[in-house]
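Q: the following block contains a protein sequence and its predicted model.
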Amino acid sequence: PAQVGAQGAIVVTPEDAARENRNIWAAYLDFALDVSPKFLVTAAGRFEQYDDSSGSVWSGKMSARYEVTDWLALRGALSNGFRAPSLAQQSFAQTSTSINLVGGVFVPVLTKVVKTGSPIALALGAQPLKPEKSMNYSLGFTLTPAAGLTLSVDGYQIELDDRITLTGLLSGTGVRSILINNGFSGDQSVRFFTNAVDTRTQGFDVVGTYSFDTASIGQFRTSLGFNYNKTKITKIAANPPQLSGLGLTLFDRRTQGWFTEGPKTKLILGL
């Protein structure tokens, strides 16, 4: 329904502002070994230290490539990954206005993304953000079947734990008293960043190129890139004790869809 004046806005209020910093140091080693003229093995290790809740982590990668013939090579890799929560995710806050039906009447209602460490987020069960961690596997081959023509195919699986995303909108009778006790309207909706889900992504890449010369107008290079991806949620974080018995879901169906319902294929052609 129409309202006089502006119906909605997305703003950063003075209380949403933040000033954050952290220090990071890291060290890594990278090795490559030609076991034979046809067999290459590589290994890498990395250590990172953060002076906030991200803490410290070891990560590494091993990969190998074997030339079966002059025109066929096999390759594979195994690695683990690490992504610390960004400073923006740790301290982000935002205020917006939506039109909600309250008591049979449409009224403007403030919707807020609150800082993970804010009193209202802690009252709703927020915890300090943990780093996202992954295990990655890939296996594939490369072909050079003719002069100027190359083709590579790689399949992979990525297992991501503790992925960071916003919760669903928390509102209604279940959290009304928590909102009011923290200086909010009981009709408001709030959400915050949290380590919400574990996911498994499986897919494959196909990349082909073909180059050729012409006598009169120069050299051409054609390319094809195709990717297929499918992501499945393997674990959803349990509701914190603060929300138990309130009939709320911290990570609702709509928010789950942000991970699983994106485009599954991508095709790029180039000349």
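A: Yep, it's here.
Q: just the C-alphas of the host helix or strand of residue 207, formatted as CSV.
A: According to DSSP states H and E, residue 207 maps onto strand 193-214. Extracted in CSV, the C-alpha atoms of strand 193-214 (Å, rounded to 0.1, in the frame of the first residue of the first chain):
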residue,chain,number,x,y,z
PHE,A,193,26.4,-12.7,10.8
THR,A,194,27.0,-16.2,12.1
ASN,A,195,28.8,-19.4,11.2
ALA,A,196,25.6,-21.0,9.8
VAL,A,197,26.2,-24.0,7.6
ASP,A,198,28.6,-26.6,6.2
THR,A,199,28.4,-27.2,2.5
ARG,A,200,29.7,-29.6,-0.2
THR,A,201,30.2,-28.3,-3.7
GLN,A,202,30.8,-30.8,-6.5
GLY,A,203,31.5,-29.9,-10.1
PHE,A,204,33.7,-30.0,-13.2
ASP,A,205,35.5,-27.5,-15.5
VAL,A,206,36.1,-28.0,-19.2
VAL,A,207,38.4,-25.6,-21.0
GLY,A,208,39.3,-25.8,-24.7
THR,A,209,41.4,-23.5,-26.9
TYR,A,210,42.2,-23.6,-30.6
SER,A,211,44.6,-21.2,-32.4
PHE,A,212,45.1,-20.9,-36.1
ASP,A,213,46.8,-18.5,-38.6
THR,A,214,45.4,-17.0,-41.7
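Q: list the pairing partners of that strand within its sheet, with orientation.
A: Here strand 193-214 is paired, per DSSP bridges, with strand 149-166 (antiparallel), strand 218-236 (antiparallel).
Q: from the chain's centre, how far out does the last one sit?
A: When you say that, I think you mean strand 218-236. From the chain centre to the centre of strand 218-236 is a distance of 17 Å (Cα atoms, centre = their mean, to the nearest Å).
Q: next one: stretch 135-147
A: 26 Å.
Q: stretch 71-90 too?
A: 12 Å.
Q: output that stretch in PDB with nothing but the alpha carbons.
A: Taking Å, rounded to 0.1, in the frame of the first residue of the first chain, the C-alpha atoms of stretch 71-90 are listed here in PDB:
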ATOM      1  CA  TRP A  71      49.600 -35.200 -25.900                       C
ATOM      2  CA  LEU A  72      48.000 -36.600 -22.600                       C
ATOM      3  CA  ALA A  73      48.700 -35.700 -19.000                       C
ATOM      4  CA  LEU A  74      46.900 -36.600 -15.800                       C
ATOM      5  CA  ARG A  75      46.800 -34.200 -12.700                       C
ATOM      6  CA  GLY A  76      45.300 -34.100  -9.300                       C
ATOM      7  CA  ALA A  77      45.400 -32.100  -6.100                       C
ATOM      8  CA  LEU A  78      44.500 -32.200  -2.400                       C
ATOM      9  CA  SER A  79      44.400 -29.200  -0.200                       C
ATOM     10  CA  ASN A  80      42.800 -27.500   2.800                       C
ATOM     11  CA  GLY A  81      41.800 -23.900   2.900                       C
ATOM     12  CA  PHE A  82      41.100 -21.100   5.500                       C
ATOM     13  CA  ARG A  83      39.200 -17.800   5.300                       C
ATOM     14  CA  ALA A  84      39.100 -15.600   8.400                       C
ATOM     15  CA  PRO A  85      35.900 -13.500   8.900                       C
ATOM     16  CA  SER A  86      36.400 -10.100   7.300                       C
ATOM     17  CA  LEU A  87      36.500  -7.000   9.500                       C
ATOM     18  CA  ALA A  88      33.300  -6.000   7.800                       C
ATOM     19  CA  GLN A  89      31.500  -9.200   8.700                       C
ATOM     20  CA  GLN A  90      32.700  -8.900  12.300                       C
END
